[in-house]
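S.K.: sequence and computational prediction follow.
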Amino acid sequence: QVQLVESGGGLVQAGGSLRLSCAASGSIHLLVTMGWARQAPGKQREQVAAISKTGATHYGDSVKGRFTISRDNAKDTWYLEMNSLKPEDSAIYYCNGGYPMNPMALLEYHFWGQGTQVAVSS
């Protein structure tokens, strides 16, 4: 199995930046694709970004141009750099991984972290 641990959440003002990290351990070879999802209070969880082992990236429309996903294979860690944050970006952010057919299909991910809170004040 795979264990995922997020870090880097916190409180930031609108327009600011945060960097989230996700460290993986266990059966790393199962992590063909890694990603980030988020869930705001009262809203459905959504996949915001994904990156494959080859480095191909995918983004949700709401974060395109502001968020960047990257990975460090040597450290079994991937990141979400979030810039120009808006209050509507406030949510619990989860890292996820696995071998989804569609990297932006939330339900196809096999492994999930516990989540880290991001709050953006206006």
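M.R.: Looks like it arrived, so ask away.
S.K.: how about the nearest residue to residue 121, chain neighbours excluded?
M.R.: residue 13 (5.4 Å; Cβ to Cβ, 6 or more residues apart in numbering). The C-beta positions use only the backbone N, C-alpha and C, and glycine is treated the same way.
S.K.: wait, residue 39
M.R.: residue 45 (4.0 Å).
S.K.: burial of the one you found, as a residue count?
M.R.: Neighbour count of residue 45, defined by other Cβ atoms under 10 Å: 17.
S.K.: equivalent analysis for residue 110, please.
M.R.: Count around residue 110 with other Cβ under 10 Å applied: 15.
S.K.: what distance do you get for it to residue 58?
M.R.: Going from residue 110 to residue 58 by Cβ to Cβ, to the nearest Å gives 17 Å.
S.K.: can you give me the buried ones in stretch 95-103?
M.R.: Going by neighbour count (16 or more other Cβ atoms under 10 Å), the buried part of stretch 95-103 is 95, 96, 97, 98, 100, 103.
S.K.: mind checking how far that stretch is from the chain centre?
M.R.: Taking Cα atoms, centre = their mean, to the nearest Å, one finds stretch 95-103 lying 11 Å from the centre of the chain it belongs to.
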